[in-house]
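Peer 1: With the input below, show me the fold.
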Amino acid sequence: MGRYNSNKLTTKFVQDYIKDKLWEKDNIEYTPFLNVRSVPTKGKANRIMGWKTGREHHFLSKLEYAAFYHFDWSNDVLDIKEQYPLFPIGVLQNIAIESGIDYPNFNGEPIIMTTDFLVTTKYNGNIPHHARTVIPSINLSNKRIIEKFEIERRYFNSKNIDWGIITEKELSNIFTNNMDILHSNKLSNNQTILEKQYNFAMYKQLTEGIENTPSKSMPIAYLLTKLSKDLNINFSDINEIFLKAITDKIIVLDIYNKSLNITALTINDIKVNNEILLKAVNTL
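Peer 2: Residues are numbered from 1 along each chain as shown. From the prediction side, this is the model:
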């Protein structure tokens, strides 16, 4: 559930946001209603470049960016809108009245409510939306928070949009740490054709090395060291290729349960998806 600070979100910003209908934009053109500079945050605020949207995402808590990682990794997700504003405000005020709930305000002025995520997915030929709010489980005992959630739930229900709550209990620390590593990899998605061709040439060397390794108990670090020597490239370069191959899902690893520690991981922990590799090569 988004927070609001009228001292930072100016009236002009709100008017321009509504005039331009920025919440209706998709992917790279979407602008979150709240960002890390406009509101005070509790815990870790963060900005992350999204793989799916190609834009910078703003998160007001550690839980939010952990939840975002799950959406950004999923093959079924098409678009991710964080800090999504709920319009028109009059509809939500009526929902609050009908529910016997005081509508949220700041210094006596009604605010524009937000939900943490509106996620667009693909499912059986359909493109459904899902609204998700992210909160520590301990806060679910707070009556006022639950009242605000009820306004959100009824709002999205009126639009036939699935709404739900995500807490830390649904989020994997191993997965979050792994995604931190993958997102910090220097190999950008915005690459030239020549850079992509080089990467795919390296993917071929890497995947062949994996598939031809006689011992499945060989540590990944040992394989990468051998490849760096055979190819006469730095170890850091082949490690970046390995991480990018995981990001591109050419190398399959259970990143929800296996830590991305190349000294602990073995060949047995990974497999090569040659179908995805072939598709990627054919797009060049």
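
Peer 1: What residue in the protein is the furthest from its centre?
Peer 2: Using CA atoms, centre = their mean, the residue of the chain lying farthest from its centre is Pro214. It sits 36.9 Å away.

Peer 1: Quickly find the element holding that residue.
Peer 2: Assigning secondary structure by DSSP states H and E places Pro214 outside every helix and strand.

Peer 1: tell me the contacts of it?
Peer 2: Applying CB atoms under 8 Å, 6 or more residues apart in numbering, we find Pro214 in contact with no residue. Heads up, the C-betas are built off the backbone N, CA and C, glycines and all.

Peer 1: Would you list the phi and psi of it?
Peer 2: Torsion angles at Pro214 (phi, psi; degrees, to the nearest 10) stand at phi -70, psi -30.

Peer 1: Next one: it, what pLDDT does it get?
Peer 2: Model confidence at Pro214, expressed as pLDDT, equals 89.

Peer 1: Could you report the distance from it to Thr207?
Peer 2: Counting by CB to CB, to the nearest Å, the gap between Pro214 and Thr207 amounts to 16 Å.

Peer 1: and if you look at Ile270?
Peer 2: Taking CB to CB as the measure, Ile270 and Thr207 are separated by 10 Å.

Peer 1: can you list residues touching both of those two?
Peer 2: Shared contacts of Ile270 and Thr207, defined by CB under 8 Å, 6+ apart, comprise Ile251.

Peer 1: count of neighbours near the nearest residue to Val14 once chain neighbours are set aside?
Peer 2: Once its chain neighbours are removed from consideration, Val14 has its nearest residue in Ile112; the separation is 6.8 Å (CB to CB, 6 or more residues apart in numbering). Residue neighbour count, defined by other CB atoms under 10 Å, stands at 20 for Ile112.

Peer 1: Check Ile112 and give its pLDDT.
Peer 2: pLDDT for Ile112: 92.

Peer 1: hang on, it packs against Leu34?
Peer 2: No. Ile112 is not in contact with Leu34 according to CB atoms under 8 Å; the separation is 9.5 Å.

Peer 1: in the stretch 101-250 of the chain, which spans are helices?
Peer 2: Counting by DSSP state H, counting those that start in this stretch, the stretch 101-250 of the chain forms helices over residues 143-158, 173-184, 193-212, 220-230, 235-247, given from the N-terminal end onward.

Peer 1: helices and strands around the helix or strand of the chain with the lowest mean pLDDT, which ones?
Peer 2: In the chain, no helix or strand scores lower on mean pLDDT, DSSP states H and E than helix 274-282, which sits at a mean of 84. Using 3 or more CB pairs under 8 Å, 6 or more residues apart in numbering; DSSP states H and E as the contact definition, the elements that helix 274-282 packs against are helix 193-212.

Peer 1: mind listing what's buried in the helix it packs on?
Peer 2: Using 16 or more other CB atoms under 10 Å as the test for burial, helix 193-212 gives 199-200, 202-203, 206-207, 209-210.

Peer 1: Repeat that for stretch 13-20.
Peer 2: Within stretch 13-20, the residues that count as buried by 16+ other CB under 10 Å are 17-18.

Peer 1: ok, residues contacting it?
Peer 2: So stretch 13-20 is contacted by 23, 31, 33, 85, 87, 112 (CB under 8 Å, 6+ apart).
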